[in-house]
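Undergrad: With the input below, show me the fold.
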Amino acid sequence: MAAVFRVVDAHPEVLFIKRAEHEGDPWSGHMAFPGGRHEPTDASLEMTAIRETYEELALDLRHGHVLGRLDDLAPRSPQLPPIIIRPFVAVVAPDVTLVPSHEVAATYWVPLRVLQHEDTQAEHVMTINGARARFPGFRVDEHIVWGLTERIVRQLLSLFEP
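TA: Okay, here's the model as predicted:
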């Protein structure tokens with residue numbers, strides 16, 4: 001997974017994708033960062049993030065700069081696959097062109113200062129096994145960034161605190 005940044009007029013912006021809807025995909029239609037499953041041909045998880053970002057958006061992170069990685073995360077729900085997510089952070093030129101694949105329904109560049117503002121705080125509510133569950137999130141246009149992606153955003157925001 002790659003948290004991709006660009007800087008526009010001295011303000012960092014982070015890239016979100018809205019995943020396309022696919023039956024059987026537990027993250028179908030969710031707001032996310034580019035990324036996906038490690039393949040045996042990937043030399044490292046960093047290379048997985050680079051490959052997946054290219055496959056999903058035709059964005060080659062090798063033309064930018066991978067700054068490093070954030071803390072590993074795992075889904076908290078036992079209904080989700082037992083996976084480990086290792087998010088990498090990359091910076092690209094402000095004028096990059098994104099060409100979404102069939103896996104991506106939409107892309108959003110969001111200024112970091114917008115995510116830091118309390119008005120962006122949101123809540124995602126869903127029913128799990130008949131019980132109502134609430135999850136913290138961020139509003140991006142008409143969408144809510146929640147779950148693993150919300151947890152990654154919190155890690156990112158902590159790096160930019162004064």
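Undergrad: how far out from the middle of the chain is the helix or strand hosting residue 126?
TA: Residue 126 belongs to strand 121-128 when assigned by DSSP states H and E. What separates the centre of strand 121-128 from the centre of its chain is 18 Å, taken as CA atoms, centre = their mean, to the nearest Å.
Undergrad: So which elements touch the helix or strand just after it?
TA: Helices and strands here follow DSSP H and E; after strand 121-128, the next one along the chain is strand 131-140. Applying 3 or more CB pairs under 8 Å, 6 or more residues apart in numbering; DSSP states H and E, we find strand 131-140 packed against strand 121-128, strand 143-146, helix 148-159. Yep, even glycine has a C-beta here, placed from its N, CA and C like the rest.
Undergrad: Paired strands for strand 131-140, with orientation please.
TA: Sheet pairing for strand 131-140, assigned by DSSP bridges, gives strand 121-128 (antiparallel), strand 143-146 (antiparallel).
Undergrad: Now do the buried residues in the first one.
TA: What it means is strand 121-128. Within strand 121-128, the residues scored as buried using 16 or more other CB atoms under 10 Å are 122, 124.
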